[in-house]
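J.: Dropping a prediction and its sequence here:
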Amino acid sequence: MTLKFEFTLEKDWPALAWIAECIEADPVVRVRRGHAVETRPAWFCEAVWDGEFESGDFDRTDLIFGSGGRLREGRAIFVSPACTVDRLQFLKLYDRTMISNSLACLLAIGRIKVDPTYIRYPDFFRSIVNGLDSYDRSLPTESGSLKLSYFRNLVWDGRTLCEEDKPAPQRDFSSFDSYRNFLRTSMGRIGSNMRATTRTHAYDMVGALSSGYDSTTATVLGCEAGMRHSFSFNTARGGHEDHGRDVARILGIDWTLANRRDWKEHALAEVPYLAATGLAPDVIFNSVQELLRGRVLLTGFHGDKVWAKDTKSLSPNIVRGDASGLSFTERRLDLCCIHFPVPFMGVRQIGDINTLSNSAELTPWDVPGGYSRPICRRIVEEAGVPRSLFGVSKKAATNLFHQGEALLTETTRAEYHQWLRENKQLWAARGAQTPNVPGRAFLALKKRYYLISRFARVLARLLPSAPGSWLAKKDAELDRWLNRRINLVTHLFPWAIERMSGLYAPQKDANREPS
């Protein structure tokens, strides 16, 4: 059977969203797409990779960020991002299979609903931190079989869909020069690919720059490939200063300082992030959404494992320390933004990279203390950045939504609580306990608590060890009590994904494109 793509432009969809429908024994693979998805007769993509753009050989590399589909040798290969901060998902319904880079799109087009009473959605999505062979794959839905796929490609042969590993070239990382050359060369190729003049939409890069090792290293590598824009948030989590202004100045690139809390100025900003993972730690990217629009975002996600000296899991299974970056997977599609977490380049050879980090060759760049990443330090210092300007202490910028549903904005909370009230019968029909939607008095109490708690945490750090430890313990006990009393975080995902489905409602002006 000779397969072919048939494309339909959905003008009102998020720019980079796509969904492919494969029907058994039907040679036509029908692809609906947002306006910025690139299409050719034999392939489509919203991706950058380390090769010539017009060849469309993104299925033949393990250095691809974004996703796409490729016809090759009688098969349709749906190519996933080469990282675990993004994914594909697929749904089996009778004789048809649908694949998409958007979970919201897949559920809406497949007319599938998730189980609103399931209480472990955040844990389900976070399970990818356990590695490619150990995460929860099947999403609880009311019908059909919906699964998530990370890092592996999906192959349709005209009748069945199966997973297939990406190419896995063994590169020489035995010396700093060989690894450094791999990073430099690969970044250069990816930079050329994203700027290709034959693209409908060419990209430039923007880097998230903090004072830590990973983002600073990613920024240096990006600059070598032509990046000229960067941004920092004014503070890290906890209020500590965390910007990279001086690093940007030394590297000679534009730099924007953003307020980490500006995302709260955008109505319902949390929704696409919650619809991706059930929590929204990366919602801070909404504070810089205009900087990200139409660009490739360079981040340092997973550098804490790839470039650290003391990483324990060194298999190609990609075990992470956290799920940071993953909640951006839906929002980026609407921003026409491709997420490029730089440490994932060559990630399956983490064992070789770790050996290099601990080698005598890198000893001069191994600083005292528990926060040392010699590979990063050498790359950045050799770019002319003084040792004192980065990698001094570890900080984090993402929001910890699991600390309490009260962190939602007022607009989001009001809509969410209304949804809970209107859907009480769903819990009753399943014999599950109805969520206890709080009244205004309790919300006011919880809001005051979080203000007091923030002050208490600062005070605990300033007091001598015994009083400070006691205060921190009491603060944690009160936090647990409040969250046991009323914690609706576990139900945020089904509400958010239902709300997102409106983006993919049938449009009258959808256009089938010529083959």
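T.: In hand now; what should we look at?
J.: Identify the residues contacting residue 431.
T.: Residues near residue 431 by CB atoms under 8 Å, 6 or more residues apart in numbering: none. Bear in mind the C-beta positions are built from the backbone N, C-alpha and C, glycine included.
J.: And for the one 3 residues further on?
T.: Contacts here follow CB under 8 Å, 6+ apart; on that basis residue 434 touches 424, 427-428.
J.: which phi and psi does the most centrally placed residue in the chain have?
T.: Centroid check for the chain by CA atoms, centre = their mean gives residue 326 as the closest residue, at 2.7 Å. With angles defined as degrees, to the nearest 10, residue 326 sits at phi -70, psi -30.
J.: Residue 81 is in contact with that one, correct?
T.: No - using CB atoms under 8 Å, residue 326 is not in contact with residue 81; the gap is 10.9 Å.
J.: Need the overlap of contacts for those two.
T.: Residues touching both residue 326 and residue 81 (CB under 8 Å, 6+ apart): residue 87.
J.: Give me the secondary structure label for the closest residue to residue 255 other than its chain neighbours.
T.: In space, residue 255 comes closest to residue 248 once its chain neighbours are excluded; the distance is 3.6 Å by CB to CB, 6 or more residues apart in numbering. When classified by DSSP: H, G, I helix; E, B strand; the rest coil, residue 248 comes out as helix.
J.: Quick one: residues contacting residue 248.
T.: By CB under 8 Å, 6+ apart, the contact list for residue 248 reads 209, 219, 230, 232, 254-255.
J.: ok, now residue 328?
T.: 85, 273, 276, 282, 285, 339.
J.: how close does the nearest residue to the fifth one once chain neighbours are set aside get to residue 469?
T.: If I follow you right, that is residue 285. Once flanking residues are discounted, residue 285 sits nearest to residue 328: 5.8 Å by CB to CB, 6+ apart. Distance of residue 328 to residue 469, computed by CB to CB, to the nearest Å: 36 Å.
J.: And for residue 501?
T.: For residue 501 relative to residue 469 (CB to CB), the value is 47 Å.
J.: Neighbour count: those two, which is higher?
T.: Set residue 501 next to residue 469 and count neighbours by other CB atoms under 10 Å: residue 501 wins out with 18 against 12.
J.: Residue 41: neighbour count?
T.: Going by other CB under 10 Å, the residues that sit close to residue 41 add up to 12.
J.: Can you give me the pLDDT of it?
T.: Here the pLDDT value assigned to residue 41 is 97.
J.: Touching, it and residue 5? I think so.
T.: Yes - with contact defined as CB under 8 Å, residue 41 and residue 5 form a contacting pair (7.0 Å).
J.: my guess is residue 136 contacts residue 129, does it?
T.: No - contact criterion CB under 8 Å: residue 136 and residue 129 do not qualify, at 11.1 Å.
J.: quick one on the thing from earlier: do you know how far the residue nearest to residue 285 is from residue 334?
T.: Counting by CB to CB, the gap between residue 328 and residue 334 amounts to 11 Å.
J.: any idea which element residue 493 lies in?
T.: Counting by DSSP states H and E, the element that carries residue 493 is helix 492-500.
J.: no no, residue 146
T.: For residue 146, the host element (DSSP H and E) is strand 145-149.
J.: Pull out the buried positions in that strand.
T.: For strand 145-149, a neighbour-count test (16 or more other CB atoms under 10 Å) marks 146-149 as buried.
J.: next one: stretch 178-193
T.: Buried-residue list, stretch 178-193, by 16+ other CB under 10 Å: 179-180, 182-183, 186-187, 189-193.
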